[in-house]
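> Provided below for reference: sequence and predicted model.
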Amino acid sequence: MRFLRRLVTLILLVALGLWGFIIWLESPGGTRTASRWITAQVQRNFPGTQLLLEQLKFHLPLSIKISRATWRSKDVRSIVVAKDLDVALYSWQTGFHRWTARGEVARLDLGALDYTLAKGEWKAGGLMTGTVQVEGKGLAAESVVLNLLSLKPGGDLNSEVLGRLVGMMPAGDARAMLLKALSAKGTFHFNVGHLSMSTEGEDYLLKLLLDGDHLLDLKIRIPKGSLDLLKTLSQS
């Protein structure tokens, strides 16, 4: 009986400690600490940027609701603003290593993204909005479903960057015609833009539709597991 009493006491202490931790994490101080930790992970690939979280709420069995998350560039511009994010762990049996995250992309600033990833070489401008869903293990994303639509009045992209994307398409007459059309202008303006990306096996399937100076409808497969595409597009 003494053993059982001690075991129950231990369980209660652990439960109270966990509950106290959750209450602290939902507080402004706890949220700032969580933001600093996530920022440290993001800076491994994107030095100088910040990820700020707002209003964390925990729900059973174990999920986190984040009212707003903002990814900022070195010059404190908002690259991405996401809201109503739901992050959930799969189950107790997995050891909490696997997770899902979904939410709304309230605002993606192409100019700020260009500044962060390519130092302005993409000559990008414009805003996009949409939805995102990510599944991962540990700190690595394994599956992505992204859908973005441009906001009026549209935006701009360096024609050379689009030319590199077209060059990744399977060879054919359509690719040659697109490359010829893009070479006529240094900057491509689009009135309507739609970008979607999903995971298919070991590849990301990227679909890009731009309607503006020309109509571009691209479908490209990109190998997973690296930032090679971003590095390639940012090369002059």
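That came through, no problem. Numbers count the residues shown, from 1 in each chain.
> and residue 69, what pLDDT?
pLDDT recorded at residue 69 is 93.
> Burial check on the residue lying closest to it once chain neighbours are set aside, number of neighbours?
Closest residue to residue 69 apart from its sequence neighbours, by Cβ to Cβ, 6 or more residues apart in numbering: residue 82 at 4.8 Å. (C-beta placed from N, C-alpha, C; glycine too.) Neighbour count of residue 82, defined by other Cβ atoms under 10 Å: 22.
> tell me the contacts of residue 82?
68, 69, 70, 103, 104, 105, 106, 132 (Cβ atoms under 8 Å, 6 or more residues apart in numbering).
> For it, pull up the helix or strand it's in.
strand 78-89 (DSSP states H and E).
> which residue packs closest to the residue positioned nearest the centre of the chain, ignoring adjacent ones?
Nearest residue to the geometric centre of the chain (Cα atoms, centre = their mean): residue 132, 7.3 Å. Once flanking residues are discounted, residue 132 sits nearest to residue 146: 5.1 Å by Cβ to Cβ, 6+ apart.
> That neighbour against residue 130, yeah?
Yes: the criterion here is Cβ atoms under 8 Å, and residue 146 meets it with residue 130 at 7.1 Å.
> Identify the contacts common to the two.
By Cβ under 8 Å, 6+ apart, no residue touches both residue 146 and residue 130.
> Now residue 123: closest residue in space, sequence neighbours ignored.
residue 158 (4.2 Å).
> Return the residues in contact with residue 203.
221, 222, 223, 224.
> From the residues you listed, list just the buried residues.
Neighbour-count burial (16 or more other Cβ atoms under 10 Å) is assigned to none of the contacts of residue 203.
> Which single one of these is nearest to residue 76?
residue 222 (30.2 Å; Cβ to Cβ).
> Okay, now the sheet partners of the helix or strand hosting the closest one, with direction.
Assigned by DSSP H and E, residue 222 belongs to strand 215-223. Sheet pairing of strand 215-223 (DSSP bridges) gives strand 203-212 (antiparallel).
> So which bits of the partner strand are buried?
204, 206, 208, 209, 210, 212.
> Mean confidence (pLDDT) on the helix or strand harbouring residue 40, please.
Residue 40 belongs to helix 28-42 when assigned by DSSP H and E. Averaged over helix 28-42, pLDDT sits at 86.
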